[in-house]
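Novice: How does the following fold in three dimensions:
(one chain, ligands or ions: 1)
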Amino acid sequence: APSTARPHVVLLASPDAGHLIPLCELARRLVEHHGFAATVVTFHVLSERQVLPSGLPASVAIAALPGVQTDDLPAEALRGTVLVETVRRSLPSLRTLLRSIGSTTPIAALVPDFLCSTALPLAAELGVPAYIFFTSNVALLYLMHRVVELHEGATPGEYRDLPDPLEMPGALSLRRADLPDGYRSNKEPVYARLLAAGRRHRLADGFLANTFSEMEPATVEAFMQVADRGSFPPVFPVGPLVRLNSEEEAAAGASPLIEWLDRQPTKSVVYVSFGSGGALSVEQTAELAAGLEASGHRFLWVVRMPSLDGRSHSFGAGANGDDPLSWLPEGFAQRTEGRGVAVSGWAPQVRVLSHPATAAFVSHCGWNSTLESAVAGVPMVAWPLHTEQRMNALLVEESLGVAMRPRAREDDGVVGREEVAAAVKELMEGENGRAVRRRAEELQQAAARALRPEGSSRRALEDVAARWRAALIRERHSR
Ligand code: UDP
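Specialist: Okay, here's the model as predicted:
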């Protein structure tokens, strides 16, 4: 149990694995490197997705708040809306929890995941610093900030479109189609919510972002200038916050997939996964299968239920008994036996990426997957599906040069089998592929440097820790 003498950091988690995992990793580092105690608070929303494959780090406490009613929200309410509302309705029990923690140890800071930012006023009420944990890159944070700027002086209810193309720091030019869902038009249902969240963000004392300066140098720099002008809280790049391979191993033990990888030659396997929520159409699934087959390379493919309604994500599980593997082409398993493995649903990704047999990653470019790939030095075939993934794909392909990008067909948006096979072969064997592979190794070294005791991310978190300690001392003196 955390020592009672240590100042306490309370972190608020939103339920997706992609948020909870890095938040827990942040909590662990605050305890193990910076001398705090930490409690991760979870909300009972969509709790079936509160998955932490390797369990919580032993040094971190967890507190689950009691459930709240959200039945009155319209059935078609967006997931984010339900979550934001759940956090808002949980504020009374959160206040009680914070008071009880605060009665035994000083609270150093409140750290809500950015989807939990409706809890910010509580930090002000209790007089503790509030630092938002931003699970994505600072490019997305920059976009949120731009939207708020765009609406300075706007009348309530007036929504303005971002320019097309949008020029981002680092000469990254975003066409409208590359903008994350929700930002493409002021008429999209979430646009107003994103603007409101962006405005709320200004109440924070700072941001902890899951990125590192070598990954997004120009945007990190741009935020320093913005913070100097005082128009936005300071942003601290403290990543990459990814699970440790050793921890995964200890938690999971033997895995048939890892045993299969153990039997493959070094750098021979293409890992294929679209994250915890990505879904391909039935036709796209078939083209990907045929492309992997035609590439002639070894592969490990995490197959999820195809989407039957044209959407590129499916956060719910399939109906009971549905097997995603039954959607693969006739005879696929037999024809690729011995060199390809297709698994249903989930793989221990951090272990797979850091395995010596893994050579490349066909990825949806979810930010956690992108960071895990960077940490493991594995080059990518960038295959974005939804949310900010198109922007992430541009970042890894154009700015960082650690990915190849297969092109979708103009008419139906499907990535054809020849295109899949060509991208995989180029990345594994080609001249351009060699350059991409080399840059992935360089990025891996940069990620490792960022996390060393003198590295940029470690120093950024220590800077934040020092601010928290100083605030505690000021507090004590003012009492
Ligand atoms: N993940 C995993 N096994 C899988 C799929 C996902 O371990 O089969 C983990 C992955 O390592 C990452 C997270 O789940 O940490 C997914 O986060 P990401 O931001 O990449 O994508 P999202 O699932 O949020 O779209």
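Novice: how about the nearest residue to the closest residue to the ligand within the stretch 1-150 of the chain, chain neighbours excluded?
Specialist: The stretch 1-150 of the chain approaches the ligand most closely through Gly18 (2.9 Å), counting by Cβ to the nearest ligand atom. Where you see a C-beta, it was placed from the backbone N, CA and C, and this is true even at glycine. Spatial nearest neighbour of Gly18, excluding adjacent residues (Cβ to Cβ, 6 or more residues apart in numbering): Asn368 at 5.0 Å.
Novice: Now the element after the helix or strand harbouring the residue of the stretch 1-150 of the chain closest to the ligand, going C-ward?
Specialist: In the assignment (DSSP states H and E), Gly18 maps to helix 17-34. Where DSSP H and E defines the elements, the next helix or strand beyond helix 17-34 is strand 37-42.
Novice: Pull up the residues of this structure that are close to the ligand.
Specialist: 16-18, 21, 273, 275-278, 302, 346-350, 366-369, 372 (Cβ under 6 Å from any ligand atom).
Novice: try 5 Å
Specialist: Within the chain, the positions near the ligand by Cβ under 5 Å from any ligand atom are 17-18, 275-277, 302, 346-347, 349, 366-369.
Novice: I'd assumed Met215 was in a strand, is it?
Specialist: No. Per DSSP: H, G, I helix; E, B strand; the rest coil, Met215 lies outside any strand segment and is coil.
Novice: burial count for it?
Specialist: 28 (other Cβ atoms under 10 Å).
Novice: and if you look at Asp322?
Specialist: 11.
Novice: show me the contacts for it.
Specialist: Asp322 sits next to Met305 when contact means Cβ atoms under 8 Å, 6 or more residues apart in numbering.
Novice: ok so, going back, for the helix holding Gly18, which positions count as buried?
Specialist: Buried residues in helix 17-34, counted by 16 or more other Cβ atoms under 10 Å: 17-31, 34.
Novice: ditto for stretch 391-408
Specialist: Applying 16+ other Cβ under 10 Å to stretch 391-408 flags 391-397, 399-406 as buried.
Novice: what two of the residues you listed are the furthest from one another?
Specialist: The two members of the buried residues of stretch 391-408 with the most space between them (Cβ to Cβ) are Ser399 and Pro406, at 18.5 Å.
Novice: thinking again about what came up before, let me see the mean pLDDT of the helix holding Gly18.
Specialist: Mean per-residue pLDDT for helix 17-34: 91.
Novice: Restrict that helix to CA atoms and write it as PDB.
Specialist: Taking Å, rounded to 0.1, in the frame of the first residue of the first chain, the C-alpha atoms of helix 17-34 are listed here in PDB:
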ATOM      1  CA  ALA A  17      -8.000   0.300 -22.700                       C
ATOM      2  CA  GLY A  18      -6.200   2.900 -24.800                       C
ATOM      3  CA  HIS A  19      -6.800   5.500 -22.000                       C
ATOM      4  CA  LEU A  20      -6.600   3.400 -18.900                       C
ATOM      5  CA  ILE A  21      -3.300   1.600 -19.700                       C
ATOM      6  CA  PRO A  22      -1.200   4.800 -20.200                       C
ATOM      7  CA  LEU A  23      -2.800   6.500 -17.300                       C
ATOM      8  CA  CYS A  24      -1.800   3.600 -15.000                       C
ATOM      9  CA  GLU A  25       1.700   3.700 -16.400                       C
ATOM     10  CA  LEU A  26       1.800   7.500 -15.600                       C
ATOM     11  CA  ALA A  27       0.700   6.700 -12.000                       C
ATOM     12  CA  ARG A  28       3.300   4.000 -11.700                       C
ATOM     13  CA  ARG A  29       6.100   6.400 -12.800                       C
ATOM     14  CA  LEU A  30       4.900   9.100 -10.400                       C
ATOM     15  CA  VAL A  31       5.200   6.600  -7.500                       C
ATOM     16  CA  GLU A  32       8.400   4.800  -8.600                       C
ATOM     17  CA  HIS A  33      10.400   7.800  -9.900                       C
ATOM     18  CA  HIS A  34       9.000  10.900  -8.300                       C
END
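Novice: Who are the packing partners of that helix?
Specialist: strand 8-13, strand 37-42, strand 131-134, helix 367-376, helix 456-478 (3 or more Cβ pairs under 8 Å, 6 or more residues apart in numbering; DSSP states H and E).
Novice: As a markdown table, those with mean pLDDT would be great.
Specialist: Listed next are the helices and strands packed on helix 17-34 as a markdown table, based on pLDDT from 0 to 100:
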| stretch | mean pLDDT |
| --- | --- |
| strand 8-13 | 96 |
| strand 37-42 | 93 |
| strand 131-134 | 98 |
| helix 367-376 | 97 |
| helix 456-478 | 94 |
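Novice: Poorly predicted segments of this protein, please.
Specialist: 1-4, 44-56, 249, 313-321 (pLDDT under 70).
Novice: Grab the nearest non-local neighbour of the residue of the chain found nearest the ligand.
Specialist: Taking Cβ to the nearest ligand atom as the measure, the chain has Gly366 as its residue closest to the ligand, at 2.4 Å. Leaving aside its sequence neighbours, Gly366 sits nearest to Gly275 (Cβ to Cβ, 6+ apart; 4.2 Å).
Novice: Am I right that the one you found is in contact with Ser369?
Specialist: Yes. Using Cβ atoms under 8 Å, Gly275 makes contact with Ser369 at a distance of 6.0 Å.
Novice: Overlap of the contact sets of those two?
Specialist: Shared contacts of Gly275 and Ser369 (Cβ under 8 Å, 6+ apart): Ser363.
Novice: Look up phi and psi at Thr211.
Specialist: Reported as degrees, to the nearest 10, the phi and psi values for Thr211 are phi -150, psi 180.
Novice: Neighbours of it, how many?
Specialist: Thr211: 31 neighbours (other Cβ under 10 Å).
Novice: got the contact list for it?
Specialist: Asn137, Val138, Val220, Pro237, Gly239, Pro240, Leu371.
Novice: picking that back up, tell me which of the helices and strands packed on helix 17-34 lies nearest to Met428.
Specialist: helix 367-376 (15.2 Å).
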